[in-house]
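**Student:** Sequence first, predicted coordinates after that:
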Amino acid sequence: MGSRVLITGAAGLLGRYVVNECVANGYSVRGFDRQRGDAGIDWHIGDVTDPVAVRTAVEDMDAILHIAAVPNIWSGDGRTIMQVNVQGTYTVLEAAEAAGVGRFVFCSSDSVAGYTVREGRMLAPLYAPIDLDHPLQATDPYAISKILGEDLVRAYVLRGLSAVALRTVFIAYPEMAAEIEARAKDPHNYRGPAAGGPSSAGGGPLYHHIDPRDVARAFRLALQMSMPSPRYECFYLSSTVTLSPEPTLDRLQRLHGGTIEIRNRAVYENEPFAPLYDLTHAARGLGFTARYDQRHLITGDNRSEERAGRE
C-alpha cells in the first residue's frame, strides 16, 4: 500500500483526527474540504460533488479516506443529505477509479442497521449482537444515504477497487462532553444540544459511542490491511461499553420486552454494558479494539484515562 493518502472532509471534526493519525504514522496526506484546516498538509479546497475539484485532488494518490458527508439527520434536509452523501461518494469513487487508486476507505455508520434515530421509523433489531448478516432496516435519509454509499463502494469493488467500509457509532468528541453529561443528569427530559455542543448527544436508544482517537486509528488500520484487490470489507466500530445508565440486556428488555433474540449472552455476562454490535469481526479482521471510552463522564471513575495511560 502506497503512502500518499487523500482525506476528504479533512477539516471536519473527525477529519482532523484522521489527518493527525496518518501524519504521525508516516503517510503523505492531502486534505480535501470546503475550507482549509489547521494541519500543515497539502490542502485542496472544493466540494465532493464537484467532479473537477475531486479529480484534481485525487491525482497521484495511492488511497482515499472518504469522510466528507452531511454527518447526521439534523445537519441537512433529505435532499441535501442525498446529494452530498450519495452523489459525493459516487463522484469520489469515479475519480478514484480513473486515477487508479488502490485503496478506498468509506466512513459509514451503524445507522444502516436502523436503530439510531426516531426521526425515521426506527425499528428494533431482530437479534443481538448485531453482526454483518443482520438486515439493514434504515428508514431515515442519513442512514439510507450510508446504505447507498456502501452499495456504491461495493459496485466499484466489482470493477476492481479494494475497499473498506467502517460503520462507526456516535463519535464522542471532546466538544460533546457537556452534552453527554447533561443527558446523563436528566435522560428523560434531555433535548440537545443543551450544553453548547455541536449537536445532541447521540448513540441511539443504547447510547453507543466511540472516541475519535479510536476511529482515527481504525482508518489507519484500514489503510494497512493486507487485502487482495479487488475486495470489500465492512466493520462495525464502537467503544467496548455504552453510555447507557442501564446494562444492555436490561435496557433492551425494558424498551422491547422479550422480542429481541439474544444470540450470545456471554458477551453481556462478561461486560454488562457491551454494545449492541458484534465487535469480534473488527478485532479479527481489522485488528481493532477500542482503547478509550467516556463512561467516566457519567460515573466519575476516570475509566478511559486510566486505560489510555496503559496503552
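**Tutor:** Cool, got the structure. Predicted model, so just to flag it, every value in this text is computed and none were measured.
**Student:** The strand or helix carrying Val54 - contacts with which helices or strands?
**Tutor:** Using DSSP states H and E, Val54 falls within helix 51-58. Applying 3 or more Cβ pairs under 8 Å, 6 or more residues apart in numbering; DSSP states H and E, we find helix 51-58 packed against strand 4-8, strand 28-33, strand 42-45, helix 88-99. In this view, the C-beta of every residue, glycine as well, is placed from N, C-alpha and C.
**Student:** Could you rerun that using 7 Å?
**Tutor:** helix 88-99 (3 or more Cβ pairs under 7 Å, 6 or more residues apart in numbering; DSSP states H and E).
**Student:** List the buried residues of the next helix-or-strand element following the helix it packs on.
**Tutor:** Moving toward the C-terminus from helix 88-99, the next helix or strand (DSSP H and E) is strand 103-109. Residues Arg103, Phe104, Val105, Phe106, Cys107, Ser108, Ser109 are the ones in strand 103-109 that count as buried (16 or more other Cβ atoms under 10 Å).
**Student:** backbone phi and psi for the closest residue to the fifth one other than its chain neighbours, please?
**Tutor:** In other words, Cys107. Using Cβ to Cβ, 6 or more residues apart in numbering and skipping residues adjacent in sequence, the residue nearest Cys107 is Ile67, 4.6 Å away. Phi and psi for Ile67, reported as degrees, to the nearest 10, are phi -110, psi -30.
**Student:** Assess the claim that Ile67 and Leu6 are in contact.
**Tutor:** No - using Cβ atoms under 7 Å, Ile67 is not in contact with Leu6; the gap is 10.5 Å.
**Student:** Give the full set of residues in contact with Glu175.
**Tutor:** By Cβ atoms under 7 Å, 6 or more residues apart in numbering, Glu175 lies in contact with Gly197, Pro198.
**Student:** So Thr116, which state does it fall into?
**Tutor:** coil (DSSP: H, G, I helix; E, B strand; the rest coil).
**Student:** At which residues are the helices of the chain located?
**Tutor:** Along the chain, counting by DSSP state H, helices occupy 13-24, 51-58, 78-82, 88-99, 141-158, 177-185, 212-224, 248-256, 265-270, 280-281, 296-299, 303-310.
**Student:** Tell me which of those approaches Pro129 most closely.
**Tutor:** When these are compared by Cβ to Cβ, helix 265-270 sits nearest Pro129, at 5.9 Å.
**Student:** now the closest one, how far from the chain's geometric center?
**Tutor:** Chain-centre distance of helix 265-270: 24 Å, with Cα atoms, centre = their mean, to the nearest Å.
**Student:** Also stretch 277-296?
**Tutor:** Worked out by Cα atoms, centre = their mean, stretch 277-296 lies 12 Å from the chain centre.
**Student:** Buried residues of that stretch, list them for me.
**Tutor:** Neighbour-count burial for stretch 277-296 [16+ other Cβ under 10 Å]: 277-279, 281-282, 286, 288, 290-296.
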